[in-house]
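J.: Structure for the following, please:
(one chain, ligands or ions: 1)
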Amino acid sequence: MTEKIDIKSLTMEELEQELVKLGEKKFRAKQVYQWLHEKLAEDFDQMTSLPLGLRSSLGEHCFLTSLKPVQVQVSGIDGTRKYLFGLADGHVIESVWMQYRHGNSVCISTQVGCRMGCRFCASTLDGLVRNLTVSEMLDQVYRIQALTGQRVSHVVLMGSGEPLDNYDHVVKFLHLLTGSGGLNISQRNITLSTCGIVPGMRRLAQEKLQITLALSLHASRDQVRRELMPVARRFGLSEVLDACREYFAVTGRRVTFEYSLVAGVNDSPGEARALAGLLAGLHGHVNLIPVNPVREREFVQSSPAAVRAFQKILEEQGIPATVRREMGRDIQGACGQLRRSYLEQGMGENGMS
Ligand code: SAH
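T.: Next comes the predicted model:
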């Protein structure tokens, strides 16, 4: 038997081709696509405007990715929701829903686990399990919109995983998410965050998307950055910042620099001045994030005074800097922590019901 096709990962053109192969009329593709990407159907039986024969033929030849919420945590402070979703093969991933004045934002995972090894991050503690498929990324957004009953206007690729380590799936996901016939999310409302894989950043610039690129910088000197992020041993600061310059030159989109402040490691006034020097002329914006302590790591959050002083130095040097508002402080904080605590409770991923 040939393998079933992951129907939600297909573009409209690919869907047309598949339907023609099944002996169906081409125009059916539009209807099916609408059920998948606009009406957010969870199975073929919900596609009531399609003839029964087509529905059963789809069920025979294709499968429909539909994530199942295994756990949901709701913040009593700001309404932020953390979802733990179960995948068809039993693995679990995290996604977060946040409400802002400008709309509702979903933070998605791009991989199960991660192999980048950043020292302060919980997602990478057990390494990479596998890449997520296009449909598994889409369905994090789709399920959350369906479950909350509220339109998702913004998407950030800042959950577990390194998006540029799953390049082809991520780029296809971005096209399906922002193309016509789906949820109609504007590319300008999407942010892709990377630890700084230079070839991937350069390739992404050439895709000519209007998304925002965020670079996880976290240090203003190579030596400190290499201690925090193993990927910095492959790509030095000057190379990574050149790729940011290129991204801005090609796309016209300003790059965001993420900087997690760790007490005594990268939060001194000297580091702030070095950072300002490094980013001069880059037209970027710095997002300061007081590091979220992860139980398995010894890092301590910078004091509010140190964070403010750091921000002030950047601004005095003409570098716009904001401190990220902590969302959902009362629910499992940092990336990857909800999945880890779930696994630690002895609910192994494959033992999920
Ligand atoms: N792999 C991508 C996206 C995932 S993480 C990247 O590295 O950018 C999203 C952001 O959260 C990154 O800037 C990451 O460095 C940061 N981050 C991860 N764990 C954190 C923690 N415990 N405290 C503060 N920031 C953290």
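
J.: Quick check: Val156 vs Thr212, distance?
T.: According to C-beta to C-beta, to the nearest Å, Val156 stands 9 Å off from Thr212. Every residue, glycine included, has its C-beta placed from N, CA and C.

J.: If you could redo that for Gln187, that was the one I meant.
T.: On the measure of C-beta to C-beta, Gln187 and Thr212 end up 9 Å apart.

J.: For the two, indicate the residue with more neighbours.
T.: Taking neighbours as other C-beta atoms under 10 Å, Gln187 and Thr212 compare with Thr212 leading, 20 against 16.

J.: Which phi and psi values does the closest residue to that one other than its chain neighbours adopt?
T.: Once flanking residues are discounted, Thr212 sits nearest to Thr191: 4.4 Å by C-beta to C-beta, 6 or more residues apart in numbering. Phi and psi for Thr191, reported as degrees, to the nearest 10, are phi -120, psi 130.

J.: show me the residues around Thr191 that make contact.
T.: By C-beta atoms under 8 Å, 6 or more residues apart in numbering, the contact set of Thr191 is His154, Val155, Val156, Leu157, Met158, Ile211, Thr212, Leu213, Ala214, Thr256.

J.: near the ligand, which residues of the stretch 1-150 of the chain show up?
T.: The stretch 1-150 of the chain comes close to the ligand at residues Met116, Cys118, Phe120, Cys121, as judged by C-beta under 6 Å from any ligand atom.

J.: In strands only, show me the residues you listed.
T.: If you go by DSSP state E, those have nothing in strands.

J.: Tabulate the residues you listed (JSON lines), appending neighbour count and pLDDT.
T.: As requested, these are exported to JSON lines (neighbours: other C-beta atoms under 10 Å; pLDDT from 0 to 100):
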{"residue": "Met116", "neighbour count": "22", "pLDDT": "97"}
{"residue": "Cys118", "neighbour count": "21", "pLDDT": "95"}
{"residue": "Phe120", "neighbour count": "21", "pLDDT": "92"}
{"residue": "Cys121", "neighbour count": "24", "pLDDT": "92"}
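
J.: nearest to Cys195, of those residues?
T.: Of all these, Cys195 sits closest to Met116, with 5.1 Å by C-beta to C-beta.

J.: So that closest one sits against Pro230, correct?
T.: Yes. Taking C-beta atoms under 8 Å as the definition, Met116 is a contact partner of Pro230 at 6.9 Å.

J.: any shared contact partners between the two?
T.: Here Met116 and Pro230 share no contacting residue, scored by C-beta under 8 Å, 6+ apart.

J.: Could I have the CA atoms of the helix or strand of the chain with the lowest mean pLDDT written out in PDB?
T.: Using mean pLDDT, DSSP states H and E, the weakest-scoring helix or strand in the chain turns out to be helix 337-344, at a mean of 76. What follows is helix 337-344, C-alpha atoms only, in PDB (Å, rounded to 0.1, in the frame of the first residue of the first chain):
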ATOM      1  CA  GLN A 337       9.100  23.600  30.400                       C
ATOM      2  CA  LEU A 338       5.500  22.400  30.100                       C
ATOM      3  CA  ARG A 339       6.500  19.500  27.900                       C
ATOM      4  CA  ARG A 340       9.300  18.500  30.200                       C
ATOM      5  CA  SER A 341       7.200  18.600  33.300                       C
ATOM      6  CA  TYR A 342       4.600  16.500  31.500                       C
ATOM      7  CA  LEU A 343       7.200  13.900  30.500                       C
ATOM      8  CA  GLU A 344       8.700  13.900  34.000                       C
END
